[in-house]
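Visitor: Take this sequence and fold it.
(chains A and B)
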Protein chains: 2
Amino acid sequence: MSHGYIIPIGGAEEKIRNRAILRRFVDLCGGSKAKIAIIPTASRLEETGPRYVAMFEEMGVAKADSLSIETRQDCTRSDYLSILQQADGLFITGGNQLRLSTTIGGTTVSDILRNRNLHEGLHVAGTSAGASIMSEHMIAYGSEGTTPRCDMVALAPGFGLTHDFIVDQHFHERNRLGRLLTALAFNPRPLGLGLDEDTAAFISGDGTLEVVGTGGLTIVDPSQMDFSSMDSASRHDPLSITNIVMHVLTHGHSFDIQTRKANPQPTAASLKVELAPADDE
Amino acid sequence: MSHGYIIPIGGAEEKIRNRAILRRFVDLCGGSKAKIAIIPTASRLEETGPRYVAMFEEMGVAKADSLSIETRQDCTRSDYLSILQQADGLFITGGNQLRLSTTIGGTTVSDILRNRNLHEGLHVAGTSAGASIMSEHMIAYGSEGTTPRCDMVALAPGFGLTHDFIVDQHFHERNRLGRLLTALAFNPRPLGLGLDEDTAAFISGDGTLEVVGTGGLTIVDPSQMDFSSMDSASRHDPLSITNIVMHVLTHGHSFDIQTRKANPQPTAASLKVELAPADDE
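Guide: Alright, predicted model coming up:
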């Protein structure tokens, strides 16, 4: 079978009134036939898993199960592995992405989710920490600000679903351009995706990305970069980088990750979605 | 064709008296028929490239060319791309690995070297910075010491020849166990390889590793790790990690990267090599 979607979400996706992102995810997974697995490991709140289960059930899926993975030993539980093997979609919640990488990295759970996404069409969505963990290179933590500085960001290995991009989330709300630019200045091979809250990138197996949600998606393309001072700057100094290409896209716009071309025209699917509830609701 | 060897070297490989590592590399590349390309970009010394050219010529190769890549623009030079396309072996010198990632990352040069190593049998050796750059996850810089601490190491994307391990070099000489453990604690998926000076790991396409040289290779296998405090520790505090498996191997010993089994028996090839010159030489 084919490559499933990868769906990073910038955090704080709308859960009550107008669930445009979650609705699109559920539809992609088969709607009323969808079996959804949830990994709440990033969160330290016990209610996170059950809350998503209740929400997906309310949205009419066939089955929603939360895998309460707290330790690396939990990653060997056969009931959890069996749910993962049968799921149409996997949802990874927010919290701390280092909880995900340290608890699940290198286990059978991470092997299954990666193999099933790459080869068996499992769609993988994640919000906030759940968005960061997806790529090979994950922003583990960093500091706020617009100007890149050498020591502004810590990278770590994520779940490795893709090499093509590095994700940052709560992008506008937490002023994270500087740390995304720093991450890209180390090696301008991947693209940078900066996702605002309640904003998702639906990325198909062929590398077509579509924006869904009420915020912006900032795409930083460093492939034409002709200079970076990363190798010579002092750790606390601002970094110099030249010729970075940037796009800001909103709901319904698309982008081709292979050709790196933006298409700011609404897709047919996006026109059917009403994002904000009417004022009198 | 098949996957070429990946050969990280811990720096300061013997260049004059007993070139066991460089000899083995040249033999692997075809001996007197070998065409060797050299990337001296990590170094800021002008003589680095010509010095390796002279040495490989003295060792009797058919052809040795240094690609003087100083800028990202240099990575489009057709004469350099043509040399890379025809080489049997590529040697990446020491210096600063961030010079390599910022100058070559995401360019045609990095695409060619990766594709030819994976699919056309190009053997890629690198010493010091040239060893660090090979993997998907590269130690960009860090601090000395034995005990891991959260903020002890900076990771960055490398050339991506493999996901299987993270390399550190000058391992014994610069006291780098702590930073390698920290790199692995982020996500215990890859293996850690800590290479002493004048010590190389010859890694074949099927994941068999053989040690060549006068120092030790420390292999850190975190796959059985059952606890890490990386997600909860303060940035400057020591990290707690449990159940790390370690091997120290020396000349002629081998290791299977897939099964993660060490074999401390000398290989047939290693018995033919005399490492240290006799005292009366």
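
Visitor: how about A:A154, secondary structure?
Guide: Following DSSP: H, G, I helix; E, B strand; the rest coil, the label given to A:A154 is strand.

Visitor: OK, contacts around the residue nearest to it when sequence neighbours are not counted?
Guide: Counting by Cβ to Cβ, 6 or more residues apart in numbering or on different chains, A:A140 is the residue found nearest to A:A154 once chain neighbours are left out, at 4.5 Å. No exception for glycine: its C-beta is placed from N, CA and C like everyone else's. Contacts for A:A140 were tallied using Cβ atoms under 8 Å, 6 or more residues apart in numbering or on different chains; they are A:Q97, A:L98, A:S101, A:S132, A:A154, A:L155, A:A156, B:F186.

Visitor: mind listing what the second one touches?
Guide: Listed by Cβ under 8 Å, 6+ apart, the contact partners of A:L98 are A:A140, A:Y141, A:A156, B:F186, B:M230, B:D231.

Visitor: Of those - the most surrounded one?
Guide: B:F186 (29 neighbours; other Cβ atoms under 10 Å in any protein chain shown).

Visitor: Which pLDDT value belongs to that residue?
Guide: Note for B:F186: predicted pLDDT of 95.

Visitor: Just send the contacts of A:A140 back as a markdown table, with distance to A:G60 too.
Guide: Formatted as a markdown table, the contacts of A:A140 follow (distance: Cβ to Cβ, whole Å):
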| residue | distance to A:G60 |
| --- | --- |
| A:Q97 | 30 |
| A:L98 | 34 |
| A:S101 | 33 |
| A:S132 | 29 |
| A:A154 | 40 |
| A:L155 | 39 |
| A:A156 | 37 |
| B:F186 | 39 |
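
Visitor: near chain B, which residues of chain A?
Guide: Taking Cβ under 8 Å from any Cβ of the partner chain as the criterion, chain A approaches chain B at residues A:71-73, A:96, A:98-99, A:101-103, A:105-106, A:110, A:136-137, A:140, A:151, A:154-158, A:160, A:163, A:185-190, A:222-223, A:225-228, A:230-231.

Visitor: can you give me the helices in the stretch 151-281 of chain A?
Guide: Using DSSP state H, counting those that start in this stretch, the helices of the stretch 151-281 of chain A run over residues A:177-186, A:268-271.

Visitor: and of those, who's closest to B:S254?
Guide: With respect to B:S254, and counting by Cβ to Cβ, the nearest of these is helix A:177-186 at 32.9 Å.

Visitor: avg pLDDT for stretch A:83-90?
Guide: Averaging pLDDT along stretch A:83-90 gives 98.

Visitor: For A:L118, what is the enclosing helix or strand?
Guide: Secondary structure from DSSP states H and E places A:L118 in helix A:108-119.

Visitor: Hmm, A:M225 is touching A:S240, no?
Guide: No - A:M225 is beyond contact range of A:S240, at 10.9 Å (criterion: Cβ atoms under 8 Å).

Visitor: So between these two, which is more surrounded?
Guide: A:M225 (20 against 13).

Visitor: Contact partners for that one?
Guide: A:L184, A:A185, A:P188, A:I241, A:T242, A:N243, A:I244, B:R72, B:G106.

Visitor: Swap in 6 Å and give it another go.
Guide: A:P188, A:N243 (Cβ atoms under 6 Å, 6 or more residues apart in numbering or on different chains).

Visitor: and if you look at A:I112?
Guide: So A:I112 contacts A:L84 (Cβ under 6 Å, 6+ apart).

Visitor: now do 7 Å
Guide: A:L81, A:L84, A:Q85 (Cβ atoms under 7 Å, 6 or more residues apart in numbering or on different chains).

Visitor: Show me where the stretch 1-150 of chain A has its helices.
Guide: Going by DSSP H, counting those that start in this stretch, the stretch 1-150 of chain A shows helices at A:20-28, A:48-58, A:78-86, A:97-104, A:108-119, A:129-132.

Visitor: among these, which is the most enclosed?
Guide: helix A:129-132 (a mean of 29; mean count of other Cβ atoms under 10 Å in any protein chain shown).

Visitor: Distance check, A:I112 against chain B.
Guide: 14 Å (Cβ to the nearest Cβ, to the nearest Å).

Visitor: Please apply the same query to A:Y80.
Guide: 17 Å.

Visitor: Can you verify my assumption that that residue contacts A:L67?
Guide: Yes - between A:Y80 and A:L67 there is a contact under Cβ atoms under 7 Å: 4.6 Å.
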